[in-house]
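# my questions concern the predicted model and sequence given below.
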Amino acid sequence: MKPTKLLILLLALAAAPGAVAIANAADAEAGLLAIRALGSVNGQALACAEVQAAARAKSLMLAHAPKTRRFGVAYEEATQAAYQAQTRSTEACPDAIRLTDRLNQLALQLAETLPVVAAESK
């Protein structure tokens, strides 16, 4: 193999792990944004006593989010912020249909960014 081709091959191989790390970071950030949005819907649903919407938000969180502190904190902080914003707001609560529509959109987004991983058998 010519030295130039070898050098190009070695540079490509050296760059690959960095590219994978960047792609994984972008995927993780997209996942976090979706989880934060899910937490926001959950907070609104809780503040508005929309129990079914809150239960679905929690179910989506448990099914899609990686079981890490980072994702759990993002969900909880977004939930609390949305709850407080809704209870302090003078605007009416969104109805169950609007919350369900938003959850449906987020479910599709989560299916792309954080697909459900089959549970490990023990």
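It's in.
# any idea how far N104 is from A53?
11 Å (CB to CB, to the nearest Å). Every residue, glycine included, has its C-beta placed from N, CA and C.
# of those two, who's got more company?
Neighbour count, other CB atoms under 10 Å: between N104 and A53, A53 has more, with 24 against 11.
# and the host helix or strand of that one, how far out from the chain middle?
Using DSSP states H and E, A53 sits within helix 51-64. Computed by CA atoms, centre = their mean, to the nearest Å, the separation of helix 51-64 from the middle of its chain amounts to 12 Å.
# just after that helix, pick out the following helix or strand.
Scanning onward from helix 51-64 (DSSP H and E), the first element met is helix 69-88.
# just the CA trace of that following helix, in CSV.
Taking C-alpha atoms only, helix 69-88 is exported to CSV below (Å, rounded to 0.1, in the frame of the first residue of the first chain):
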residue,chain,number,x,y,z
ARG,A,69,-29.7,10.6,36.6
ARG,A,70,-29.4,13.1,33.7
PHE,A,71,-32.6,12.1,32.1
GLY,A,72,-34.5,11.7,35.4
VAL,A,73,-33.5,15.2,36.5
ALA,A,74,-34.4,16.7,33.2
TYR,A,75,-37.9,15.2,33.4
GLU,A,76,-38.5,16.1,37.0
GLU,A,77,-37.2,19.7,36.6
ALA,A,78,-39.4,20.2,33.5
THR,A,79,-42.4,18.7,35.4
GLN,A,80,-41.9,21.1,38.3
ALA,A,81,-41.4,24.2,36.2
ALA,A,82,-44.5,23.5,34.1
TYR,A,83,-46.6,22.7,37.2
GLN,A,84,-45.5,26.0,38.8
ALA,A,85,-46.0,28.0,35.7
GLN,A,86,-49.5,26.6,35.2
THR,A,87,-50.6,27.1,38.8
ARG,A,88,-49.3,30.7,38.7
